[in-house]
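Undergrad: predicted model and sequence below, questions to follow.
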Amino acid sequence: MLLPKRSIKALFFTLTAISLILMAIGSIWLYSYATTTISQQLAHTAHEKSDTIRYEIIRFYDGMVYTFTQTQPLQIAKMAQAQSYFQKHGMNASLQPLQKILEDSDSQYDIYLINKNMIVERTTFEHDLGLDFKQYTFVPKLLLSLFNHPTKTDISEPLYISFSDDFKRYTTQASANRHYIIQLRQTLKESKSFRTFMNHLKELVPTLYSHSIYTVYKTNRQSIDSQLFWSQRLSKIKNKDVIQLWGSLGNFQQILQRIDPTSVSLFKYPQLFLYPYLDIMFKHNTRKELTYWKDSRYLRMVMLPQQSYYNQLEESYSFLVVELDETEIYNNAQTMKMTMLISWTLLIGFVLTMSTLFYRRVIVPITLLQSHMHSKTPLKDIKILTKDDEISKISRTYNWLLNDLKNQIETKQTLLAQFKTFTANAIHQVRTPLSVIKIAHSMIDDDAHKEAKLHILSSLISMEHMYDSLAFTLQNDKVELPKSILDISLIIEKSITLFSPVASAVDSKIVSNIRSGLFVEMNQSELEYLIDNNLSNALKYGQPFQSIGVTLTQSNHELILLFQSYGDPIADKNAIFERYTRQDHSKQGSGIGLNIVATICERYNIIIHVTYEDGKNCFCYFFPIK
């Protein structure tokens, strides 16, 4: 069974507890599942968005590099135009006319005149006027080389310029008089500009909070050279201030260690640890991510490898670091989880409330009614009896039935007491005539009527046995019969001697095998009744002209008394020990003899075993030996 037998109250509490536990487990599991699923969905969405951003950036960078590369021969021609202009109009000529001459359908140009002090003396881009290139570690060397080789032209790779928030390309050459450096800065027009691309990217990924690109150069494997190639925080920063951010190893290291704390030791020995680590990231396209709160925003930072044609111009590792604003999605997820938690809490509260009501309205009255049923007392709780529900109706019906049953029991007990008194008087009155008949029988000394005397004696013995059964039944519940040590062997012999005339009267005989000197501790009347009843039944129900066997033996721990008689097998071996049950209704009898025998055996722990073997009914009694 799923649940053992319990009272209704205990069963109610058990089922309620199981239900609440299952609901609690279910709510915890569902909350955990929702949390995990939402987190996985957010991560998956972030991965898709970061991949989209990476693809768009690579597409833009490669397109930009291709466009700049295609215009490289044109840049040399543009520089020749500028040289010709200054040779014709002088180095002090206005720069605006030249700017208009250089402009074409794809690009526009800014012109710089840099003196030998490496300071921007004149320019069409006023923001850079007075810019001192000596503060750039690599620029003075380049400018000095150009001053020394006036025919040399330097064309740079596309560079991000923070103030204009765009990519530029510089074509640089010394002037014909070698007093200035002429520098032409090429900028792609609006349709191909970086600002246009960023607006497009923001429309494509509305949750994009920021993104940066870091490049770690592998030119010198013994040290680390990291550059912040582009970042949103560079926008609108003046060129002279950007130089402080170009060597961005510290920032890149902080980001990597923040996302992956295990990378702390990599920077100590880059050749042994950092570069192989970055190689693995690029080989397996490994992305690393971190979620955190910043300025009341829930952000997800994703770092992933980025490799485009532009990045491959120099041997380097480029990483895209994206910050996605997931505040709205996170808040919606938290609201959903909180709604789920509140719903489960309300559901559990509802179940508890309904359980409490059910307990008070149903379980308590039923438990109280059950208690009164066990004690057989009427229910007197006015609150229960005066209600108009099913429990109240059952309680009122129970009180009525109990009262009616008590009245009937009192009536039956009165009748039973009267019957017992009558039966006791009748038995007492029967004893005297039986005694007189036995005395008269013993006084008759007539061999001519020997068979008649035998039948009379047999009838007397049967009547005495019936008298003993009735007397034992009446006094069984009232009198405590004393026990003593009895010679069971001798008592069996006496009973066999007593019932031998009865056996002769029915053309049978009793064959015995009694081991002498065996003793038991019990009441003599009860022992004699047990033996006499089995002999009487064997004679009554046994087949005529067949002997009856009586055997008494002893084993290690018990005495074994066996009665055997030929006859039909007993249909129900358990029912014959019930009161008023008889195997053969054609035979006279009260049906209480074996019930008395069973009562005696139960009192003395005597085991009864009934079998049918070789046409004989066998009643075997096992007496315990102390």
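TA: Sure thing, it's come through.
Undergrad: elements contacting the helix or strand containing Ile25?
TA: Using DSSP states H and E, Ile25 falls within helix 8-70. Judged by 3 or more Cβ pairs under 8 Å, 6 or more residues apart in numbering; DSSP states H and E, the packing partners of helix 8-70 are strand 181-188, helix 194-204, strand 208-217, strand 297-305, strand 316-325, helix 327-358, helix 364-375. Backbone N, C-alpha and C define where each C-beta goes, glycine included.
Undergrad: out of the ones you listed, nearest to Phe60?
TA: helix 194-204 (4.8 Å; Cβ to Cβ).
Undergrad: next, the angle helix 8-70 makes with that closest one.
TA: Angle between the axes of helix 194-204 and helix 8-70 is 160 degrees (criterion: axes from the mean of the first three to the mean of the last three Cα atoms, to 10 degrees).
Undergrad: ok, back up a step: let's have the helices and strands packed on helix 8-70 in JSON lines, adding distance to Glu528.
TA: Putting the helices and strands packed on helix 8-70 into JSON lines (distance: least, Cβ to Cβ, whole Å) gives the following:
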{"stretch": "strand 181-188", "distance to Glu528": "130"}
{"stretch": "helix 194-204", "distance to Glu528": "112"}
{"stretch": "strand 208-217", "distance to Glu528": "108"}
{"stretch": "strand 297-305", "distance to Glu528": "98"}
{"stretch": "strand 316-325", "distance to Glu528": "103"}
{"stretch": "helix 327-358", "distance to Glu528": "62"}
{"stretch": "helix 364-375", "distance to Glu528": "41"}
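Undergrad: mind giving me a markdown table with these and columns for mean neighbour count and mean pLDDT?
TA: Formatted as a markdown table, the helices and strands packed on helix 8-70 follow (neighbours: other Cβ atoms under 10 Å; pLDDT from 0 to 100):
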| stretch | mean neighbour count | mean pLDDT |
| --- | --- | --- |
| strand 181-188 | 23 | 91 |
| helix 194-204 | 14 | 80 |
| strand 208-217 | 20 | 80 |
| strand 297-305 | 20 | 90 |
| strand 316-325 | 22 | 84 |
| helix 327-358 | 13 | 84 |
| helix 364-375 | 15 | 79 |
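Undergrad: out of these, the one nearest Lys412 is which?
TA: Between the helices and strands packed on helix 8-70, helix 364-375 lies closest to Lys412; by Cβ to Cβ that is 20.2 Å.
Undergrad: could you dump that closest one to PDB, C-alpha only?
TA: C-alpha atoms of helix 364-375 as PDB (Å, rounded to 0.1, in the frame of the first residue of the first chain):
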ATOM      1  CA  VAL A 364     -12.300  17.700  13.600                       C
ATOM      2  CA  PRO A 365     -16.000  16.600  13.700                       C
ATOM      3  CA  ILE A 366     -15.100  13.200  12.100                       C
ATOM      4  CA  THR A 367     -12.300  12.700  14.600                       C
ATOM      5  CA  LEU A 368     -14.500  13.600  17.500                       C
ATOM      6  CA  LEU A 369     -17.300  11.400  16.200                       C
ATOM      7  CA  GLN A 370     -14.800   8.500  15.700                       C
ATOM      8  CA  SER A 371     -13.600   9.000  19.300                       C
ATOM      9  CA  HIS A 372     -17.200   8.800  20.700                       C
ATOM     10  CA  MET A 373     -17.800   5.700  18.500                       C
ATOM     11  CA  HIS A 374     -14.800   4.000  20.000                       C
ATOM     12  CA  SER A 375     -15.900   4.900  23.500                       C
END
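Undergrad: which is the next helix or strand following it?
TA: Next along the chain after helix 364-375, taking DSSP H and E as the criterion, comes helix 382-385.
Undergrad: residues in contact with that next one?
TA: Helix 382-385 is contacted by residues Pro365, Leu368, Leu369, Leu379, Ile391, Ser392, Ser395, Arg396, Asn399 when judged by Cβ atoms under 8 Å, 6 or more residues apart in numbering.
Undergrad: if we can go back for a sec, how distant is the following helix or strand past the helix holding Ile25 from the center of its chain?
TA: For helix 8-70, the following helix or strand on the C-terminal side (DSSP H and E) is helix 72-89. The chain centre lies 80 Å from the centre of helix 72-89; the measure is Cα atoms, centre = their mean, to the nearest Å.
Undergrad: which strands and helices sit next to helix 72-89?
TA: Packed next to helix 72-89, using 3+ Cβ pairs under 8 Å, 6+ apart, are helix 95-102, strand 154-155, strand 166-174, strand 181-188.
Undergrad: lowest average pLDDT across the ones you listed?
TA: Lowest mean pLDDT within the helices and strands packed on helix 72-89: strand 166-174, at a mean of 88.
Undergrad: now do Leu369 against Tyr398, distance only.
TA: Here Leu369 is placed at a distance of 6 Å from Tyr398 (Cβ to Cβ, to the nearest Å).
Undergrad: hmm, back to that, now the helices and strands packed on helix 72-89 as CSV including distance to Gln564?
TA: Below are those laid out as CSV (distance: least, Cβ to Cβ, whole Å):
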stretch, distance to Gln564
helix 95-102, 137
strand 154-155, 129
strand 166-174, 120
strand 181-188, 124
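Undergrad: which of the ones you listed sits closest to Ser547?
TA: So among the helices and strands packed on helix 72-89, strand 166-174 is nearest, using Cβ to Cβ, at 128.8 Å.
Undergrad: so what does the closest one touch, helix or strand wise?
TA: The helices and strands touching strand 166-174, judged by 3+ Cβ pairs under 8 Å, 6+ apart, are helix 72-89, helix 139-148, strand 154-155, strand 159-161, strand 181-188, helix 194-204.
Undergrad: sheet partners, orientation included, of it?
TA: Applying DSSP bridges, strand 166-174 is found paired with strand 154-155 (antiparallel), strand 159-161 (antiparallel), strand 181-188 (antiparallel).
Undergrad: toward the C-terminus, what is the element adjacent to the least confident helix or strand in the chain by mean pLDDT?
TA: One helix or strand of the chain scores below all others by mean pLDDT, DSSP states H and E: helix 239-246, with a mean of 46. Where DSSP H and E defines the elements, the next helix or strand beyond helix 239-246 is helix 249-259.
Undergrad: between strand 297-305 and that following helix, find me the angle.
TA: Going by the same axes, to 10 degrees, helix 249-259 makes 110 degrees with strand 297-305.
Undergrad: flag every buried residue along helix 249-259.
TA: The neighbour-count check on helix 249-259 (16 or more other Cβ atoms under 10 Å) flags Leu249, Asn251, Phe252, Gln253, Ile255, Leu256, Ile259 as buried.
Undergrad: what's the most distant pair in the residues you listed?
TA: Leu249 and Ile259 (15.9 Å).
Undergrad: any chance you could map the helices in the stretch 451-600 of the chain?
TA: Using DSSP state H, counting those that start in this stretch, the helices of the stretch 451-600 of the chain run over 488-505, 524-541, 593-603.
Undergrad: mind checking the pLDDT average for the second one?
TA: Along helix 524-541, the predicted local confidence has a mean pLDDT of 87.
Undergrad: list the helices and strands it packs on?
TA: Applying 3+ Cβ pairs under 8 Å, 6+ apart, we find helix 524-541 packed against helix 450-475, strand 484-487, helix 488-505, strand 548-554, strand 558-566, helix 593-603, strand 616-624.
Undergrad: per-residue confidence averaged over the first one?
TA: When you say that, I think you mean helix 450-475. Rounded mean pLDDT across helix 450-475 is 63.
Undergrad: where in the stretch 51-200 of the chain is pLDDT low?
TA: Scanning the stretch 51-200 of the chain with the threshold set as pLDDT under 70 gives 160-165, 190-193.
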